[in-house]
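Engineer: coords please:
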Amino acid sequence: MKRKSFLRVTTLAAAVALDLVFFRPAMEPGTGSGLLSFAAGDFVAAMALQERHNPDLLGLPGVAGTAVAIGADGRPVVKVYLVDAGVIGIPATLDGHALVTEVTGAFRALGEIPASAGSDTDPRQSFPRPVPIGVSTGQVDVTAGTIAARVVSGADVFALSNNHVYANRNAAKLGDHVLQPGTVDGGVNPADAIGTLYDYEPIKFCSPFPSCPANRIDAAIAATTTENLGNGTPSNGYGTPRSETAAARLGMEVQKYGRTTGHTRSLVSGVNATMNVGFRDGTARFTGQILIAGGDFSGPGDSGSLIVSGGTDETGRRPVGLLFAGSQTNTLANPIDEVLERFNVTVDGS
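Structural biologist: Numbering: from 1, shown residues only. Model (predicted):
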């Protein structure tokens, strides 16, 4: 694989110290938000508490993961996500600090979806070239996921999605065709090819569980052209993402356009998440992730969707995360800056 060097902010604490803005979660997306009153130290302390106890918490059968979230009193808390309500061994507090649990079900990569037909703006159909972003795609041996964005490095143009969409969970070969639509939606190789696999970040799987190496991103890029790939969603989406990114903030309004559920909106519910994610052939642990609230924000086949900030002003449509997994109640995403830095690319947006 071709790999380009990049600078990475090594800890979320460093990022928080540089740029701390949190939003009070609104009851519904679009209803507005106000600044939270807690200090940077509260958040950093909660994150340190989470990471100190992660080895013990993640070793408990039935624990899906942890994150820093907002408690009932509007202050940062450690939240533990449970596969079901019967998990044994969860402590009442962590070093005397509050701990919150939420039953989410298991988190799984959002692939393996059934075929379906729809309207002329259905993201599952075949689109004339250049195809929009947010629509069905996949490597030739993958059912279907979603095109996140058109990204560029100098004169080179790429389609961005997940490893498990474009690199078939490490099993694909560089140069393999990626299709639009994906095979489950009728894509045929090579007639429907829009590019070729160029690079991907390998997924490191747990072997044996619970001995799990840490992953940061589930991402891959395919070499393409502006003749094959556009940079905006279909007409029933949010439009063209901006090139300037935004860091996820608790309570932040976000939106996405994806292959299965189309245009949806929700709120960031957790940050610095460490989560065990099930794939078809194993479990992988992801750290430093973003959680989005709501079971209807995404569904199987939305893997690879670009999550952008909400709103219609200059702060809207800024890339925030790369969607790759979810549970019955939450969606999981990689911070987009880490994805872009890994491949030395930028979003080709407005």
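
Engineer: Every contact and neighbour count from this point should use C-alpha atoms.
Structural biologist: Noted.

Engineer: Now residue 131: closest residue in space that isn't a chain neighbour?
Structural biologist: residue 229 (4.9 Å; C-alpha to C-alpha, 6 or more residues apart in numbering).

Engineer: The one you found: neighbour count?
Structural biologist: 23 (other C-alpha atoms under 10 Å).

Engineer: now residue 71
Structural biologist: There are 14 residues near residue 71, going by other C-alpha under 10 Å.

Engineer: my guess is residue 127 is in a helix, correct?
Structural biologist: No - per DSSP: H, G, I helix; E, B strand; the rest coil, residue 127 lies outside any helix segment and is coil.

Engineer: partners of the longest strand seen in the chain in the sheet?
Structural biologist: Criterion DSSP state E: the longest strand present in the chain is strand 262-279. Within its sheet, strand 262-279 is paired with strand 63-70 (antiparallel), strand 107-109 (parallel), strand 253-258 (antiparallel), strand 282-293 (antiparallel), according to DSSP bridges.

Engineer: Between these, which one is closest to residue 208.
Structural biologist: Closest approach to residue 208 among the strands paired with strand 262-279 (C-alpha to C-alpha): strand 282-293, 9.6 Å.

Engineer: Contacts for whatever helix or strand comes next after that closest one, please.
Structural biologist: On the C-terminal side of strand 282-293, the closest following helix or strand by DSSP states H and E is strand 306-309. By C-alpha atoms under 8 Å, 6 or more residues apart in numbering, the residues outside strand 306-309 that reach it are 134, 147-149, 241, 246, 252-258, 315-323.

Engineer: Buried ones among those?
Structural biologist: Using 16 or more other C-alpha atoms under 10 Å as the burial test, the contacts of strand 306-309 include 134, 147-149, 241, 246, 252-258, 316-323 as buried.

Engineer: Of those, which belong to strands?
Structural biologist: 149, 253, 254, 255, 256, 257, 258, 319, 320, 321, 322, 323.

Engineer: and the two most separated of these?
Structural biologist: Farthest pair in those, by C-alpha to C-alpha: 149 and 253, 19.5 Å.

Engineer: Roughly how far does the closest residue to residue 319 other than its chain neighbours sit from residue 273?
Structural biologist: With C-alpha to C-alpha, 6+ apart as the criterion, residue 319 has its nearest non-adjacent residue at 4.2 Å, and that residue is residue 308. Counting by C-alpha to C-alpha, to the nearest Å, the gap from residue 308 to residue 273 is 18 Å.

Engineer: cool, residue 86 as well?
Structural biologist: 22 Å.

Engineer: out of those two, which sits in the busier spot?
Structural biologist: residue 273 (27 against 9).

Engineer: Report the beta-bridge partners for the residue nearest to that one when sequence neighbours are not counted.
Structural biologist: Leaving aside its sequence neighbours, residue 273 sits nearest to residue 67 (C-alpha to C-alpha, 6+ apart; 4.0 Å). Beta bridges link residue 67 to residue 79, judged by DSSP bridges.

Engineer: For residue 67, give me the pLDDT.
Structural biologist: With respect to pLDDT, residue 67 scores 95.

Engineer: quick one, phi psi at residue 56?
Structural biologist: The phi/psi pair for residue 56 (degrees, to the nearest 10) reads phi -70, psi -40.

Engineer: I should have written residue 252 there, sorry.
Structural biologist: Per degrees, to the nearest 10, the backbone of residue 252 is at phi -70, psi 140.

Engineer: Would you confirm that the residue nearest to residue 131 contacts residue 132?
Structural biologist: Yes - using C-alpha atoms under 8 Å, residue 229 is in contact with residue 132, at 6.4 Å.

Engineer: Tell me how many other residues surround residue 54.
Structural biologist: So residue 54, with other C-alpha under 10 Å, has 16 neighbours.

Engineer: Spell out which helix or strand contains it, please.
Structural biologist: helix 40-58.

Engineer: quick one: low-confidence parts of the stretch 201-350 of the chain?
Structural biologist: For the stretch 201-350 of the chain, applying pLDDT under 70 flags the ranges 209-210.

Engineer: Shouldn't residue 341 be within a helix?
Structural biologist: Yes - applying three-state DSSP, one finds residue 341 inside a helix.

Engineer: What is the end-to-end distance of stretch 273-287?
Structural biologist: Per C-alpha to C-alpha, stretch 273-287 runs 6 Å from first to last residue.

Engineer: if we look at it, which residues are touching it?
Structural biologist: Taking C-alpha under 8 Å, 6+ apart as the rule, stretch 273-287 contacts 64-68, 106-109, 203-206, 209, 212-217, 272, 288-291, 325.

Engineer: ok, of the residues you listed, which come out buried?
Structural biologist: Buried among these by 16+ other C-alpha under 10 Å: 64-68, 106-109, 203-206, 212, 214-217, 272, 288-291, 325.

Engineer: what's the spacing between residue 150 and residue 134?
Structural biologist: Relative to residue 134, and taking C-alpha to C-alpha, residue 150 is found at 10 Å.

Engineer: cool, residue 303 as well?
Structural biologist: 10 Å.

Engineer: Please enumerate the shared neighbours of these two.
Structural biologist: Joint contacts of residue 303 and residue 134 (C-alpha under 8 Å, 6+ apart) are 146, 258.

Engineer: related to what we said a few turns ago, any chance of the strands paired with strand 262-279 in TSV, with distance to residue 181 too?
Structural biologist: Shown next, in TSV, are those (distance: least, C-alpha to C-alpha, whole Å):
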stretch	distance to residue 181
strand 63-70	32
strand 107-109	19
strand 253-258	12
strand 282-293	26
